[in-house]
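In: Okay, predicted coordinates and the sequence, questions at the end:
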Amino acid sequence: MNYFFKHRFLIARRTVQLSMILLYGAANWWGIKILEGNLGSSKLLGAIPLSDPYAVLQMSAAGAIVGVNALIGAGIITLFYAVFGGRAFCSYVCPVNIVTDAANYLRRILRFDEAERKVWMSRNIRYWILGLSIPLSFGLGVAAFELISPIGILSRGLVFGIGFGAAVITGVFLFDLFALKNGFCGHICPLGGFYSLIGRFSIFRVKHDQQKCTLCMKCVNICPERQVLSMIGKKSAFVSGSECTNCGRCVEVCNDDALNFNFRAFKQDNKE
C-alpha cells in the first residue's frame, strides 16, 4: 500500500499543525498577515475573527469586557466544531498533540507496557478541571487555565520564543512517556473536554463495518481514546463517543477496510 495513503491522516494532521505555526510566525516575523495572532485569538486574512471559545468563556467569568470580534470569533469556532469537526482541534490544530504523539511513539519503541503504568487517572478529570476553571476565573479575576495552559505556552512560544515554557512542555512529554499513555490529552486537558462537549453531535465521524472486521484490535490498541471504539466486535455503527478526536489512526491501521470516515445520519445511527 502506498506510504502516503497509508499515513494520510497523520500527514494531514502534521500539515495543518505546522502550517498554522508557520502562518502565525510569518505574520510576526515577516508581516505576511494571512493568519495573525495565536490560538487564543486570531484574525484570518485580516478580516475574519477566530477565537478560542473556552478562553472567551473564562475571560467572561473573570469579568473582562469581551469585544464583539472575540464573540463572533468564538461563535465561528464553536459552530464549526459543533456541526462538523467534533474534537478534531485536539488532533489537527493543537501543537501539544505533536509532543504527546512523540511521547507515545517513543513508548512503543521502548516497549513500555500499558499495564505497568505508574499513575492511574480517570478520563473524567478533564471535565472536573473544565468545571472548576470557570469559578476559579471568576474568583481570581483572570482566565485561570490560560495562565498555565501548555497549549497556549507552546503556541506562543513557537512564534515568540518559548523560554521557561520549555519546562512545562518537557513535563507534559515526560508525563506521557513515563507515567500515563496519552496522559495529558486523554485525561487532564480541559480544552479537550470542552471540545468533546460542544462536538457531541458533530456529523463527521468514523463508521465501523462489522461484516468486514476480523477483530485484529489494531484500531483499539492505537486509539488515544479507545473507549469510543466500544462497538468493535459488537455491531456496525458510527463512533458515538464525543471524545473521539477524528485523528484517523484507527482508519489507517485497519487492513480490513472496516473503519472509514463518513457523515452520520442520526436516525440510521440509532437503529444500528
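Out: Perfect, I can see it now. Numbering: from 1, shown residues only.
In: Going by C-alpha atoms from here, please, whenever you check contacts or count neighbours.
Out: OK.
In: Show me the strands in the stretch 151-272 of the chain, by range?
Out: Taking DSSP state E, counting those that start in this stretch, the strands of the stretch 151-272 of the chain run over residues 204-208, 237-238, 259-263.
In: Deepest in the core, which of the ones you listed is it.
Out: When the strands of the stretch 151-272 of the chain are scored by mean count of other CA atoms under 10 Å, the highest mean neighbour count falls to strand 237-238 (a mean of 24).
In: who does it pair up with?
Out: strand 204-208 (antiparallel) (DSSP bridges).
In: how far out from the middle of the chain is the strand it pairs with?
Out: 17 Å (CA atoms, centre = their mean, to the nearest Å).
In: how big is the angle separating that strand from strand 259-263?
Out: 140 degrees (axes from the mean of the first three to the mean of the last three CA atoms, to 10 degrees).
In: What average pLDDT does strand 204-208 get?
Out: Mean per-residue pLDDT for strand 204-208: 95.
In: Ok, stretch 102-121 next?
Out: For stretch 102-121, the mean pLDDT works out to 79.
In: Pull out the buried residues from the helix or strand in which residue 128 is found.
Out: According to DSSP states H and E, residue 128 maps onto helix 125-140. For helix 125-140, the neighbour count (16 or more other CA atoms under 10 Å) marks 125, 126, 127, 129, 130, 133, 134, 135, 136, 137, 138 as buried.
In: returning to that earlier point: quick check: which of the strands of the stretch 151-272 of the chain is nearest to residue 83?
Out: Closest of the strands of the stretch 151-272 of the chain to residue 83 is strand 204-208, at 8.2 Å (criterion: CA to CA).
In: pull the CA atoms of that closest one into PDB?
Out: Presented in PDB, the C-alpha positions along strand 204-208 are these (Å, rounded to 0.1, in the frame of the first residue of the first chain):
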ATOM      1  CA  PHE A 204     -18.400  13.700  10.500                       C
ATOM      2  CA  ARG A 205     -17.400  10.500  12.300                       C
ATOM      3  CA  VAL A 206     -15.700   7.200  11.900                       C
ATOM      4  CA  LYS A 207     -18.000   4.300  11.000                       C
ATOM      5  CA  HIS A 208     -17.400   0.700  11.700                       C
END
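In: Run through this protein and note the low-pLDDT ranges.
Out: Residue ranges of the chain with pLDDT under 70: 1, 113-118, 266-272.
In: If we use 50, what do you get?
Out: Applying pLDDT under 50 to the chain flags the ranges 268, 270-272.
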